[in-house]
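Participant: One predicted model, sequence on top.
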Amino acid sequence: MQMQQNMPTSTPSKRRVLGPCSHILAAAHTGSWRLERPSVDESLCIRCGTCARYCPTACITVSREGSPLSFDWTYCKGCGICANECPKKALKMIPEGSDD
Amino acid sequence: MPVKMFDGNGAAVEAIRLARPGVIAAYPITPQSSIAEHLADEVANGNIDAEYVRVESEHSAMSVSIGAQLTGVRVATATASVGLALMHEVCGVAAGCRVPIVMPVVNRSLVAPWSLWCDHSDTMAERDTGWLQFYCATVQEILDLTLCAYRISEHEEVLTPSMVCFDGFYLSHSMQRVDTPTDEEAWDFVKPYVRRNMYLDPQDVMFINDLCPTVEHTEMKYQQMMGFRRAAEVAKDVFAEYKQKFGRELHTVESYMLDDADVAVVTIGSMSGTGKYVVNQLREKGIKAGLLRICMFRPFPAEEVREALKNVKVIGVVDRSSGLGAAQGPVCSEVKAALYGAGVGKVFGFVGGIAGRDISDGSFRKIFGELLDVYEGKADDCNTWFDVRDDAMNIREVEMPC
Amino acid sequence: MQKIKFYGIGGQGAVTAAKILSIAVSVHQDEYAITVPAYGHERRGAPVFAHIIVDDKPVLLNCYVYEPDIVVVFDDKLIDMGVDVGEGCTPDTILVINTQSDEMIERYRSEYGFGTIYACDATGAAIANIGLSIPNSAMLGALAKTGVVSIEAVTAAVKESFGKVGEKNANAAEYAYEHTVKA
């Protein structure tokens, strides 16, 4: 049986719930699954946004100025679809923890 | 209490209206269609203040119902036959997620052969999905049991959905007088819906029906079993309260002339009145006949069945579904299991009334005739299938060019 | 207890008539009735049946009528459509028939052996009062002649069942009641 907090989440009391549900959504932070992460070669990137459209967790933001791509590392699970879809081969997957 | 005229579907709609649902998602199917239609009328006319979701299938109807009720409103849906079969997967979700939906089911045969007519093969196929099941004998009982089902299902220690089952056409399209509580009386009994378990709320996110690991799954089934165990007790309390408020007695099982009975039938659904009529006829001839009606099939009231039948010498259990391949029809299997080890008389299963075939007073006279033959030692077995045509194995012929 | 069987043709309102009879008996006569409609593959023009049991105490039976006390025939053509309206009947069974032909009445009498026949041109009554050839309200008026239900109960039930055209249908029932003859 999963224990969960009563609503709202800040209330410290716990309440019994029957059946399958969870309130602590740690597993939803898919960034913790990552073994590889995407790395962008800014000289090749044309800011077309293909990677952002294909990203299954919608964690890529494309900027018009400055650094072209930013990633939400809480949710990027390192699947590599962005690198696969990039028309300019500007993205590549590198081991998690390594430098660019 | 005002007397109104309803057919069975009308009584189900009236009970739903009295329970004030906030969301309705129903898909029409014969013989349930007029429930889906009249619920839409009631919403359009402002008699029910609800959102009517026009879903594209029964699978969606139950899915919408579950999602909606988890937000904290009572929902309404209804189905029959293959519609219920299409719902099967999601019925398990409602039960496992402890969403206490109350759903009228109009009994109609499952395919094949295609049929529009009554038998219990549809709801009997759902008997182990984790829903409470009530079987009505009259149109009055459809209203009464539906109102009670809300109270039983929504009880915080039960939290288990209910099917209120009634026979297609025999009840769904039979016009009968119904004592109907006023809106206030009914609301005072049913009470507003309160969410007592998990919920959907965008302000307070919860993940419902996640992949449950083996180390917890058995425990969740155990929780459901405990819900059923409590339902048996809660049902009796709710029926007692209903009787006190509205004067009508409801049962988990109903005994009729069983105290001194030598032979008895066990019935379920609309056939029961006809069975009682034949019991009266036999009693006039001095034959000690009786009847036991199963009103609540899930949880199965095994102890009450045992107690009611303990002194009967020969018992016939009438199933309105074929129970293909099973040792007995589903009702008979339950009754036999309940009686095992109790040292009671002989029990025989009967199967008939399939896909709208009438179970008439004549059918019951035949069944009692066979039981009496056993009782008097003239026979030691009964024919399981009754009212079957003699040419059963040769009813259609086709010329085929080899 | 009176067991009644309705025979009609899809579109004539026989099933509706059975429901209205149930209302007339249960609400306006304070007795009990149960209808068991026998739905088939519904379509206009096909034979339809309805079964009604009326009693002064609650009706236990919930099955079809096999030995009717009263048979109500909504269309005299049924005799030529392969429908046996005499099924389960005895000479005591009363026939109520929608016809304007003495010849038809004699055919029903000789073919099925009905002892008592009430005849009424219910279709004519419907056309005269409602402007439609749907004889169901008128047939209930004719049925009231047998005494199983009062004409007052029939007109009250018809009025509340048909809404805007309730008055006209009640008139049709009344008219038919007055013009039903014991043949």
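Facilitator: Right, received. Where do you want to start?

Participant: And residue 16, what's its pLDDT?
Facilitator: No chain specified, so I'll use chain A. According to the prediction, A:R16 has pLDDT 85.

Participant: Sorry, I should have been clearer: chain C.
Facilitator: Reported pLDDT at C:T16 in the predicted model: 92.

Participant: I'd guessed it sits against C:P135; true?
Facilitator: No: C:T16 lies out of contact with C:P135 (CB atoms under 8 Å); the separation is 11.3 Å. Just so you know, the C-beta spots here come from the backbone N, C-alpha and C atoms, and that holds for glycine as well.

Participant: Comparing these two, which shows the higher neighbour count?
Facilitator: Between C:T16 and C:P135, C:P135 has the larger neighbour count (other CB atoms under 10 Å in any protein chain shown), namely 29 against 19.

Participant: contacting residues for that one?
Facilitator: C:12-13, C:74-75, C:98, C:122-123, C:125-126 (CB atoms under 8 Å, 6 or more residues apart in numbering or on different chains).

Participant: gap between it and chain A?
Facilitator: In this view, C:P135 and chain A are 58 Å apart by CB to the nearest CB, to the nearest Å.

Participant: so what pLDDT did the residue nearest to that residue when sequence neighbours are not counted get?
Facilitator: Leaving aside its chain neighbours, C:P135 sits nearest to C:A122 (3.8 Å; criterion: CB to CB, 6 or more residues apart in numbering or on different chains). pLDDT for C:A122: 95.

Participant: Equivalent analysis for A:A27, please.
Facilitator: Each residue has a pLDDT score; the one for A:A27 is 67.

Participant: what about the one residue in chain C that gets nearest to chain A, neighbour count?
Facilitator: The minimum distance from chain C to chain A, using CB to the nearest CB, falls at C:N62 (39.0 Å). The tally of other residues near C:N62 (other CB under 10 Å) stands at 27.

Participant: Report the contact partners of it.
Facilitator: Residues B:137-138, B:170-171, B:174, B:270-274, C:34, C:36 are the ones in contact with C:N62 under the rule CB under 8 Å, 6+ apart.

Participant: Now do it against B:W131, distance only.
Facilitator: 25 Å (CB to CB, to the nearest Å).

Participant: Would you format the contacts of C:N62 as CSV with neighbour count and secondary structure included?
Facilitator: Formatted as CSV, these follow (neighbours: other CB atoms under 10 Å in any protein chain shown; DSSP: H, G, I helix; E, B strand; the rest coil):
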residue, neighbour count, secondary structure
B:A137, 28, coil
B:T138, 24, coil
B:Y170, 29, coil
B:L171, 29, coil
B:S174, 27, coil
B:S270, 30, coil
B:M271, 26, helix
B:S272, 28, helix
B:G273, 21, helix
B:T274, 23, helix
C:I34, 26, strand
C:V36, 23, strand
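
Participant: So which one of those is the model least confident about?
Facilitator: Lowest pLDDT of those: C:V36, 87.

Participant: Spatially, what comes nearest to that one if we skip its sequence neighbours?
Facilitator: The shortest distance from C:V36 to any non-neighbouring residue, by CB to CB, 6+ apart, is to C:H51 (4.5 Å).

Participant: Beyond the strand or helix carrying B:L292, next helix or strand please.
Facilitator: Assessed by DSSP states H and E, B:L292 sits inside strand B:289-294. Going down the chain from strand B:289-294, the next helix or strand is strand B:296-298, by DSSP H and E.

Participant: Can you spell out which helices and strands pack onto that following strand?
Facilitator: Here strand B:296-298 touches strand B:132-135, helix B:214-246, going by 3 or more CB pairs under 8 Å, 6 or more residues apart in numbering or on different chains; DSSP states H and E.

Participant: So which of these is the most surrounded?
Facilitator: Highest mean neighbour count among the helices and strands packed on strand B:296-298 (mean count of other CB atoms under 10 Å in any protein chain shown): strand B:132-135, with a mean of 26.

Participant: centre of the chain versus that one, how much separation?
Facilitator: Put simply, strand B:132-135 sits 4 Å off its chain's centre (CA atoms, centre = their mean, to the nearest Å).

Participant: any idea of the mean pLDDT for the following helix or strand past that strand?
Facilitator: Downstream of strand B:132-135, the first helix or strand assigned by DSSP H and E is helix B:139-154. Averaged across helix B:139-154, pLDDT comes to 98.

Participant: buried stuff in helix B:139-154?
Facilitator: For helix B:139-154, burial by neighbour count (16 or more other CB atoms under 10 Å in any protein chain shown) applies to B:139-154.

Participant: cool, stretch B:247-260 as well?
Facilitator: Judged by neighbour count using 16+ other CB under 10 Å, the buried positions of stretch B:247-260 are B:250-258.

Participant: Can I get it in CSV, CA atoms only?
Facilitator: Provided in CSV are the C-alpha atoms of stretch B:247-260 (Å, rounded to 0.1, in the frame of the first residue of the first chain):
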residue,chain,number,x,y,z
GLY,B,247,-41.0,0.8,3.9
ARG,B,248,-39.8,-1.7,1.3
GLU,B,249,-37.7,-4.7,2.1
LEU,B,250,-34.7,-5.5,0.1
HIS,B,251,-32.7,-8.7,0.4
THR,B,252,-29.3,-10.2,-0.3
VAL,B,253,-31.3,-13.5,-0.7
GLU,B,254,-35.0,-13.7,-0.5
SER,B,255,-36.6,-16.9,1.0
TYR,B,256,-40.1,-17.8,-0.1
MET,B,257,-42.0,-20.6,1.6
LEU,B,258,-38.7,-22.3,2.6
ASP,B,259,-39.3,-23.0,6.3
ASP,B,260,-40.9,-26.4,5.7
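
Participant: Give me the residues contacting it.
Facilitator: Stretch B:247-260 is touched from outside by B:1, B:140-141, B:144-145, B:148, B:179, B:232, B:235-236, B:239, B:242-243, B:264, B:272, B:276, B:279, B:283, B:288-296, B:301, B:304-305, B:308-309, B:311-312, with contacts defined as CB under 8 Å, 6+ apart.

Participant: mind running it again at 7 Å?
Facilitator: Residues outside stretch B:247-260 that contact it (CB atoms under 7 Å, 6 or more residues apart in numbering or on different chains) are B:144-145, B:148, B:235-236, B:239, B:242-243, B:264, B:276, B:279, B:283, B:288-296, B:301, B:304-305, B:308, B:312.

Participant: same thing with stretch B:50-57?
Facilitator: Residues outside stretch B:50-57 that contact it (CB under 7 Å, 6+ apart): B:21-25, B:27, B:40, B:43, B:61, B:64, B:86.

Participant: now do 10 Å
Facilitator: Contact partners of stretch B:50-57, identified using CB atoms under 10 Å, 6 or more residues apart in numbering or on different chains, comprise B:16-17, B:20-27, B:36, B:39-40, B:42-44, B:60-65, B:67-68, B:73-77, B:83, B:86-87.

Participant: CA atoms only for that stretch, dumped as PDB, please.
Facilitator: Taking Å, rounded to 0.1, in the frame of the first residue of the first chain, the C-alpha atoms of stretch B:50-57 are listed here in PDB:
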ATOM      1  CA  ALA B  50     -24.700  17.200 -15.600                       C
ATOM      2  CA  GLU B  51     -22.200  17.200 -18.500                       C
ATOM      3  CA  TYR B  52     -23.300  14.600 -21.000                       C
ATOM      4  CA  VAL B  53     -20.300  13.200 -22.800                       C
ATOM      5  CA  ARG B  54     -21.200  11.600 -26.200                       C
ATOM      6  CA  VAL B  55     -18.700   8.900 -26.200                       C
ATOM      7  CA  GLU B  56     -17.900   6.700 -29.200                       C
ATOM      8  CA  SER B  57     -18.000   3.300 -27.400                       C
END
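
Participant: The residue nearest the centre of chain C: what's it in contact with?
Facilitator: Centroid-nearest residue in chain C, with CA atoms, centre = their mean: C:V72, separated by 4.2 Å. By CB under 10 Å, 6+ apart, C:V72 lies in contact with C:4-8, C:14, C:17-18, C:21, C:50, C:52, C:85, C:94-98, C:118, C:122, C:139-140, C:142-143, C:146.
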